[in-house]
Each structure stands twice: as structure tokens, then as C-alpha cells.
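> Return a 3D structure for these sequence lines:
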Amino acid sequence: MLPKFRKNSILLCSTTAMAAVLFAAPARADALSDMERQIHAMQAQLAKMKKEHDVEMKRIHTQLAEQRESEERNPYAARNNARNHSYTMPPPLATASSYGNSTLDMPSAPVRLPAITANTPYAQLTGTPTGKVLDLYGPLHRGQIQIGGVRITLGGYLESAGIFRSRNNVSDISSNFGTIPFANSPNYHMNEYHQTERQSRLAALVEGDITKTLRAQGYIETDFQGAGASSNSRQSNSYVLRSRVFYGQLIDDANDWTVLGGQNWSLVTLYNHGLAARDEQVPLVIEAQYVPGFNWTRNTQVRVVKGFDHGHYHIAASIENPQQVIAAGSGGVYLPPGAKTSTYQNAGVNVNNPSTNYSTDVAPDVIAKFAADPGWGHYEVYGLLRFPHSRVSYVGYGRSHTTVAGGVGGGMVLPLIDKKLYFQASGLVGTGVGRYGSANIPDVTMGPNGQIRPVNNANALAGIYGNPSKSWQLYAYGGMEMVRNRSSFDVNGKAYGYGNPLYEVGGCAVEESPLACQASVNKVVQGTTGFWWTAEHGDYGTIKVGAQYSYTYLTSFSGVGGHPHTDDNMVFFSLRYMPFQ
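This next block holds a predicted model:
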């Protein structure tokens, strides 16, 4: 048993505890009620904040969408990029007061980013577009529009040109270097003056990303140097639009591969850097036939390019549409005994031009090129294979003949004074390669078996150009194309082939001479110089003014009665407006 005083103590403690519980219960209930009210209030505030956040995010996305649509409607406007503005998205469940923060305010006036063109000086004169889709939702440059995931870069120019020649070539902006008239023609004694807009050019580059490393490009470039059956310069000029360049390509940036198909500058053309399309090193002249010695064509092709060492070296191969420049010779085509015809060209039919001839080719021209950009200068070397073809027919049978022609070439571009003065040189030597020169001297003639036979050709070009100031661009070029030796033969005292020394050339130097002028072009040489001045440059494009002078000298192989030659002085003026550059 517990002592009496211990029992009393326990009873007192129990009574006190019960009293404490009875008195504390109402206070705890009040606290719980307060906490519950606070929780409900916080839940209501949280719901309000979520609603405000959703409303603000919807407003921001709507504004971004409207701005994007505005950019697509206006190719001269672009969104501010990260270098100019910082866009901070609202933090989750931000308070209503934070929406007034300037970091969420979208710019009211988008920045116009500068136009972009290809890297060559030629591109700066012609507005040749270049570009790469780095971010389909990034800023647009001048001259660009966007449709979904496809970006379009516009290019080209409008030109008003004037032409004076000391000989009447009956030419527009493209001269006939290889057919300058000799003194026996009245055209030799007449000057020629024309005004023309036909070199004006429209261009568009369409591109989009297929994957992060693979992109597709389509490019079209047109001018008005085509002539239809109704084209004339008498009352209402009716010269037709033509395709200069029209191709598509796939570009693998990660592995430095490019595959191109369509009509483009030939792979023999000198490039400015690497072997990328739209980076061709074209002379800066106004003359649309460029300069003798400049090696080029623009024709249908399939090309593969591979880069190495971070783009310092490239190799490429191309198969290109063939066509021969044929000179049958002043003596005509010799046929072996019993032969009836020699077929080496035909007039065009269907959608081909019926007023010109097409050679009978059986295989494409094949070109392989290596280019190096080691750090100072650009260097190239290439090889070319061609396959001229013809057939001699007899009664009941015939003989077809394919010969192999081609040559080797190369070129370089050297920065003598970086961004101020440059030197370029290029050349091509071989058989049957006259087509690739601006003067279009013959590729082939006819041999003693009645079949086609290549002639020996050589082309060379050297030039210097630079920018003494930001507004001025000066240039000078010297070029030559030649048939290196005669390709002729005699049968029964009659002369055949190309450059035969028995051809009568005594009448070439006398106007309307009764003597014949059976001249075979041996060499075309030209020196030319000129300038371009940037008269205006701003948000609405660029205006350039240019002038060019050239002197061209043409000689023929000697024959009976002399050594014919002729020449031509040409002056060109140009006013160009490039709206997108």
C-alpha cells in the first residue's frame, strides 16, 4: 500500500492534468481553424496566379506568332537577335507584378539585318545569294522570306548597259570573240552601238534543313539573253527569259559532302575558295562573254564534292552535258571512196533550237578536280575527258567512230594585299577543249577517213583586281585562246581540214574582194580593264556604276595570199541596281 500522502499527490496531479486538457482543447481547435483558413486562402491565391500565368504565356506566344508572321510578310524586317535583345521567359508561378518586368516586353521595331551574298567579288556585282539555315526561327536578312521550314534568299540586279564596238559584230551584251569580221566584210569598216537591259538577272536560293547536319538547296538564276522567233529590236523588244543556272543540291555539313544536280557553272571554272556552288571566280567585266582565256560553260551536270581537313582541301568529280564546236574546214568534209554521208551534227528538233546544230555525242564530259586552300591563296588542278563521235555511212552499212579527247588545267587566286589586291591565273591545254573557252574556237575538225578529229587547244588567263577604297573596285585581265597547230590534209591536190596552208586567204584584207577568204582562226588575244563604283548603298539596295574597255586581236593560220588578222575595240557602260543587296 502507498502512504496516504502519496495517494493525495497522485490524485492532485491527475486532476491538474485533466483540467489542463479541458482548458487547452478550445485553443487548439481555434488554431486548426486558422490554419485551415490560411490554406484555403493560399490555394485560392495559387489558382489565381496559375490563371494569370496562363494568360500571360498565351499573350507572349501570340505576340511571338504575330511577329513571325510580320517577318514573313516583310522580307526587309528581322527579329532582334541575341546580340541586341534578351528575352527572359517568366518563371513558373511568377507573381502578377513580375509581368511588368521589361525583360518580357517584346521589341516594337525589329532590326534590319544586312543582306548576304556569296563570297566572291563577282557575287557583289551580281547579287548572287548565299546562305545557310542556322535557325529557322532566327532573324531574317534583307532579301529573305520564310515559308514554314523553307527560307528563300532573293538576288540579282537590274541593268541598263551601253555598248560600242569598232567592228559590227551584230551582238548584244555578249561578244563574238572568235568571229570578228575580217576586212573583206563591210562589217569590218562599220562601228556598232547598242543599249540593252538583257543582262538583268533574277535569282532565288531556296533552302531548308532536313536534319541537324543535312540541308537541301535549290537555286535558280535567269536573265533575258534568249531570243525567240519573234524577238527583235525594232519596236517592242521581245527577248525571252532563259535559264542561266538551275540546280538542286544536298549538303552534309558534318562530313563535308555535297551532291549537285542540274545546270551550273562547269567544274573546270576557277573557284574563289573550295569548290562550293555560287563561289565561282568569274571575271568582273560587264561583257557577258567574259574574257578570252576564261574557261567555263554553264550546262547540265551531276557533281559530287568531298572536303577534308576542315575545308582546307576538296576533291570533286562531275559528269557534264557534252557538245562539240565543229569546224569542218573550208574544203568541206572529205568522204572515203564509196561513202555517202558523214554524220557528226544535226539540226535541232522538238524542243531543241531548229536554227542551230547539235553534235552527235554518246558520252558525257568527265571532269575531276582537286582544290587546296592551305591558308594563303587558293589553288586548283583538274583533268578533263571528252568523247567526240561521228559516223560515215555507205549503202547498206556504216562505221561509227568515237575518239578520246581532253586536257589538263589549273588555276590560282592569290591575296597580294589582303582585302585590297588580288591576282588570279588559270589555264587549260589539250585536244578538243576549245568549247571551254570564251572565244569558242573549234574542238574538232574532219579527218581523212570522214570521221571527226580533235584539234590541239590551249587557253590562258591572268588578272589583277582590288579595292583601293570601299566604294571603288578596279580590274584588269589578259587572256588568250589558240589552236596550237594545223590539222589538215590534201587529197588529189584539194585541201581539207583545219588551217590548211593551201587555203586561199588573199581576199581577207580587201573589202568585197573577188578572192576567197578561207581563214581558220589560230589565236584570239584580249586585254581589258575597267572599274565599278558604288554610287549608293542603303536599306533599299545598292547602285553600282561600271565602265570597261577591251582590245581584242584575232589571227588566222597563214595560207595562199597572206596571214589574215583583225581586231576590235569595245567599250561598255553599266548602271546596276541590286535591290536585295
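> Domains in the protein, by residue range?
Under the assignment automatic domain parsing, the domains of the chain span 21-104, 121-578.
> what bits of this structure have low per-residue confidence?
For the chain, the stretches with pLDDT under 70 are 1-29, 65, 67-112, 131-137.
> one more time with 80
Residue ranges of the chain with pLDDT under 80: 1-31, 61-116, 119, 131-139, 229-230, 232-237.
> buried residues in the strand of greatest length in it?
As assigned by DSSP state E, the longest strand anywhere in the chain is strand 521-538. Using 16 or more other CB atoms under 10 Å as the test for burial, strand 521-538 gives 521-532, 534. For the C-beta atoms, the positions are set from N, CA and C on the backbone; glycine is no exception.
> Strands of the stretch 51-200 of the chain, start to end?
Applying DSSP state E, counting those that start in this stretch to the stretch 51-200 of the chain gives strands spanning 144-147, 150-165, 192-196.
> and the shortest one, what does it pack onto?
Read that as strand 144-147. Contacts defined by 3 or more CB pairs under 8 Å, 6 or more residues apart in numbering; DSSP states H and E place strand 144-147 against helix 4-73, strand 150-165.
> Could you rerun that using 10 Å?
Judged by 3 or more CB pairs under 10 Å, 6 or more residues apart in numbering; DSSP states H and E, strand 144-147 is in contact with helix 4-73, strand 150-165, strand 201-209.
> What angle do strand 150-165 and the shortest one make with each other?
Think strand 201-209. Put simply, strand 201-209 runs at 160 degrees to strand 150-165, going by axes from the mean of the first three to the mean of the last three CA atoms, to 10 degrees.
> Show me the strands paired with strand 201-209, marking each as parallel or antiparallel.
Taking DSSP bridges as the criterion, strand 201-209 forms sheet pairs with strand 150-165 (antiparallel), strand 214-226 (antiparallel).
> Of those strands, flag the one that's most buried.
Of the strands paired with strand 201-209, the one with the most neighbours on average (mean count of other CB atoms under 10 Å) is strand 150-165, at a mean of 20.
> Can you tell me the centre-most residue of the chain?
Closest to where the C-alpha atoms of the chain average out (CA atoms, centre = their mean) is R278, at 2.6 Å.
> From L214, how far off is it?
Distance, R278 to L214, by CB to CB, to the nearest Å: 19 Å.
> ok, now A183?
60 Å.
> With E56 instead?
For E56 relative to L214 (CB to CB), the value is 38 Å.
> Can you point out the buried residues in stretch 297-313?
T297, R298, N299, Q301, R303, V305, G307, Y313.
> Quick check: the fifth one touching I319?
Yes. With contact defined as CB atoms under 10 Å, R303 reaches I319; the gap is 8.1 Å.
> about what we covered before: direction included, what does the longest strand of the chain pair up with?
Here, using DSSP bridges, strand 521-538 pairs with strand 472-483 (antiparallel), strand 541-556 (antiparallel).
> Highest mean neighbour count out of those?
strand 472-483 (a mean of 21).
> Tell me the gap between whatever helix or strand comes next after that strand and the middle of its chain.
Next along the chain after strand 472-483, taking DSSP states H and E as the criterion, comes strand 487-491. Mean-position distance between strand 487-491 and its chain equals 44 Å (CA atoms, centre = their mean, to the nearest Å).
> What residues sit buried inside stretch 485-499?
R486, S487, S488, F489, A495, Y496, G497, Y498, G499.
> Any chance of those in a markdown table with distance to N456 as columns?
Formatted as a markdown table, those follow (distance: CB to CB, whole Å):
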| residue | distance to N456 |
| --- | --- |
| R486 | 9 |
| S487 | 7 |
| S488 | 13 |
| F489 | 15 |
| A495 | 19 |
| Y496 | 17 |
| G497 | 13 |
| Y498 | 10 |
| G499 | 11 |
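> Of all pairs in those residues, which one is the farthest apart?
The two members of these with the most space between them (CB to CB) are S487 and A495, at 12.2 Å.
> tell me, what's touching those two both at once?
Common contact partners of S487 and A495 (CB atoms under 10 Å, 6 or more residues apart in numbering): G329.
> To G561, which of the strands paired with strand 201-209 lies closest?
Checked against CB to CB, the stretch from the strands paired with strand 201-209 lying closest is strand 150-165, at 27.0 Å.
> Strand 192-196 and the closest one, what's the angle between them?
Going by the same axes, to 10 degrees, strand 150-165 makes 160 degrees with strand 192-196.
> Send me strand 150-165 as PDB with only the CA atoms.
Taking C-alpha atoms only, strand 150-165 is exported to PDB below (Å, rounded to 0.1, in the frame of the first residue of the first chain):
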ATOM      1  CA  VAL A 150      11.900  26.800 -96.100                       C
ATOM      2  CA  ARG A 151      13.900  30.000 -96.400                       C
ATOM      3  CA  ILE A 152      14.200  32.000 -99.600                       C
ATOM      4  CA  THR A 153      17.000  34.400-100.400                       C
ATOM      5  CA  LEU A 154      16.400  36.700-103.300                       C
ATOM      6  CA  GLY A 155      19.200  38.100-105.600                       C
ATOM      7  CA  GLY A 156      20.000  39.600-108.900                       C
ATOM      8  CA  TYR A 157      20.100  43.100-110.400                       C
ATOM      9  CA  LEU A 158      18.500  45.400-113.000                       C
ATOM     10  CA  GLU A 159      21.000  46.700-115.600                       C
ATOM     11  CA  SER A 160      20.900  49.400-118.200                       C
ATOM     12  CA  ALA A 161      24.000  49.000-120.400                       C
ATOM     13  CA  GLY A 162      25.600  50.700-123.400                       C
ATOM     14  CA  ILE A 163      27.900  49.000-125.900                       C
ATOM     15  CA  PHE A 164      30.300  50.400-128.500                       C
ATOM     16  CA  ARG A 165      32.400  48.300-130.900                       C
END
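> That concludes my questions; thank you for your assistance.
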